[in-house]
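Visitor: here's a sequence, model it:
(one chain, ligands or ions: 2)
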Amino acid sequence: MFKVLVSDPISDMGIQQLMDAPDVAVDKKTGLSEDELVAIIGEYDALLVRSQTRVTARIMEAAKSLKVVGRAGVGVDNIDLQAATQRGIIVINAPDGNTITTCEHTFAMMMALARHIPQAYAKTVGGTWDRKSFLGVELRNKVLGVLGMGRIGSEVAKRAKAFGMEILGYDPFLTEEKAAKLGIKLASVDEIVRNADFMTVHTPLTPETRHMIGPDQFAVMKKGMRIVNCARGGIIDEQALVQAVNEGIVAGAAFDVFESEPPAPDHPFLSNPKIIVTPHLGASTVEAQENVAIDVSEQVLHILRNEPFQNAVNMPPIPANVMTKLQPYFELGEKLGSFITQLLNGAVEEINISFSGELAEVDTQPLTRYIAKGIFGHHLGADQVNIINSLHLAKERGVNIVTSQSQTAKDFTNLITVSLRAKNETRLVAGTLLTGYGPRIVQIDRFTVDVPPVGHLVLISHNDKPGIIGRIGTLFGSKEVNIATMQVGRQIEGGAAIMVLSVDKGVPKELLSEMLELPDLNKAKEIILS
Ligand SMILES: NC(=O)C1=CN([C@@H]2O[C@H](COP(=O)(O)OP(=O)(O)OC[C@H]3O[C@@H](n4cnc5c(N)ncnc54)[C@H](O)[C@@H]3O)[C@@H](O)[C@H]2O)C=CC1
Ligand SMILES: O=C(O)CCC(=O)C(=O)O
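Guide: Ligands and ions are numbered 1, 2, ... in the order given. Got it, this is the predicted structure:
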């Protein structure tokens, strides 16, 4: 008999199939502390949670029989995925079941903002008949900026069209063709910030999306914008938003999610009359809660019964024979994917991967999954992409992956070459595993280099002229950014060249902009590899 613990309020209808299963016993115990969970988790084979239970490494450690953690929803930020993977515990989510509900909540928030509904309600029930203070605006003919055109963002865009809005969308995987199909306009974050009347964010919270709307964006924002966040707290810088509201740049904001939940009683959103809030209710409808509970229960049953399953968000075990041959290349593959996706300008349309030398002798499919994980994980969030779902995510986004194998690997015993094609450019990176030295990037576009793929790198395109290295060194020194290593690659003397610096910490934005003012320096880009 499998034992399943449900530790958050999850729809009874949704988990009915688990309760009816003859080989499963379900216990519902909500509101447990970490200590209480640690004390009992050892007897369970599966744990079902929503977003309240924090499934920590300590809980996983005590979970000697646990095979699966099921998240009835999308975000798995309350689950320590690394600890789960280390212990071979599969984590699954239910990514589709609450899409429409969250999209509808976004609309409810947008309309409540446009017509001051919460404020007007509070005054009316307080006994004041005030019709003057609440002059609203129509949605019709307004520009809506959507940051993150995944499941929820796309549904919001569809509905906004029905309201007669013009939609500007941005997503690293949105091409002009896909945008045209959706009847929206592809735009940059900057264009959205400068032109939208309403803006809504639907991205995961990743190092790249954290504070993607912050002081720099508020400084150039169209005056009177209204902003909605029903995705994750922290995508919009909360302090900067409050300032922008107080300065009249932002006419109103509606937040369902917060950097820390629940927000502290003195959180500035809670006392600002132009900011309306809900307590993370995006997914809270009868239908969505049933959908996600049904989806997650179904997959949990499959896993317990050793049947094929879907929606795993962490790493599955890999057969031992495949592991032995390919495992040393996994890190290199993922890093190459992350590196090249950060280099590419525009939405990726095709991925070409070639495995050469001794890699031509094995089935490299698992390695392809790691490369795709690096490519998609950078934008979709490392916690959302794994080697089970990385190829599926590529397919879902219409990105073709072409792989090839070749016995010869130039001067190396093994070589992985990854190139990404976007509308206006194709970028390439190649890497090898050097015995005794570890992974190395050995080619970037047409230049030969020798760079360990780790930490903070700065890639600079410049003209091969005397003095440039000194000028860059001086500039980094003046900003107290230490250059650990420097690699220069060129094809001919005096021609185009690249420089790859590895630095000890993140590069301030102003340093990148100042660098671009140096003579003979054409482009500079920071690339972060964990
Ligand atoms: N408030 C709530 O109760 C709920 C919140 N959510 C949250 O909503 C968010 C979106 O969920 P889904 O649409 O289901 O996810 P999704 O994975 O389908 O879409 C997210 C999109 O964000 C894009 N993205 C990543 N980095 C970006 C960047 N820098 N700029 C622009 N776009 C970027 C990705 O390419 C992807 O297409 C997630 O954070 C999820 O956790 C989801 C359900 C309920
Ligand atoms: O379970 C909930 O209500 C939270 C939903 C959510 O934020 C998600 O699915 O990402």
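Visitor: gap between R151 and ligand 1?
Guide: Note on R151: its distance to ligand 1, by Cβ to the nearest ligand atom, to the nearest Å, is 4 Å. For glycine as for every other residue, the C-beta is placed from the backbone atoms N, C-alpha and C.
Visitor: ok, now E349?
Guide: 14 Å.
Visitor: my read: that residue touches K423, true?
Guide: Yes. Counting by Cβ atoms under 8 Å, K423 is a contact partner of E349 at 6.8 Å.
Visitor: the two: which has the busier surroundings?
Guide: E349 (17 against 12; other Cβ atoms under 10 Å).
Visitor: give me the pLDDT for that one.
Guide: Per-residue pLDDT puts E349 at 96.
Visitor: quick one: residues contacting the residue lying closest to it once chain neighbours are set aside.
Guide: Sequence neighbours aside, R421 is the residue nearest to E349 in space, at 5.4 Å (criterion: Cβ to Cβ, 6 or more residues apart in numbering). Counting by Cβ atoms under 8 Å, 6 or more residues apart in numbering, R421 touches 348-352.
Visitor: closest to ligand 1 among those?
Guide: V348 (10.7 Å; Cβ to the nearest ligand atom).
Visitor: residue contacts, the residue in the stretch 51-200 of the chain that ligand 1 sits nearest to?
Guide: Minimum separation of the stretch 51-200 of the chain from ligand 1 (Cβ to the nearest ligand atom) falls at G150, amounting to 1.8 Å. G150 is in contact with 171, 202-203, 380, counting by Cβ under 8 Å, 6+ apart.
Visitor: how much space separates it from ligand 2?
Guide: Counting by Cβ to the nearest ligand atom - G150 and ligand 2 are separated by 12 Å.
Visitor: when you give positions from now on, start the count at 51
Guide: Let's use 51 as the start, then, which means that last one is G200.
Visitor: quick check: residues of this protein near ligand 1?
Guide: 124-125, 145, 148-149, 152, 197-203, 220-223, 252-254, 256, 258-259, 262, 280-282, 306-307, 330, 332-333, 429-430 (Cβ under 6 Å from any ligand atom).
Visitor: ok, of the residues you listed, which come out buried?
Guide: Buried subset of those (neighbour count, 16 or more other Cβ atoms under 10 Å): 124-125, 145, 148-149, 152, 197-203, 220-223, 252-254, 256, 259, 262, 280-282, 306-307, 330, 332-333, 429-430.
Visitor: with adjacent residues omitted, what lies nearest to L116?
Guide: I139 is the one closest to L116 (Cβ to Cβ, 6+ apart), at 5.3 Å.
Visitor: for the residue nearest to G505 when sequence neighbours are not counted, name its beta-bridge partners.
Guide: In this structure, G505 finds its nearest non-sequential neighbour in S552, 5.8 Å apart by Cβ to Cβ, 6+ apart. Taking DSSP bridges as the rule, S552 bridges to L507, T535.
Visitor: just for this protein, where's the confidence low?
Guide: The chain contains residues with pLDDT under 70 at 365-373.
Visitor: repeat the analysis, applying 50 as the threshold.
Guide: Counting by pLDDT under 50, the chain contains no low-confidence segment.
Visitor: can you list the residues of the stretch 301-450 of the chain near ligand 2?
Guide: Going by Cβ under 6 Å from any ligand atom, the residues of the stretch 301-450 of the chain near ligand 2 are 330, 332-334.
Visitor: ugh, wrong one, I meant the chain
Guide: Residues of the chain lying near ligand 2 (Cβ under 6 Å from any ligand atom): 100-101, 123-125, 148, 330, 332-334.
Visitor: give me that answer again for 5 Å
Guide: Within the chain, the positions adjacent to ligand 2 are 100-101, 123-125, 333 by Cβ under 5 Å from any ligand atom.
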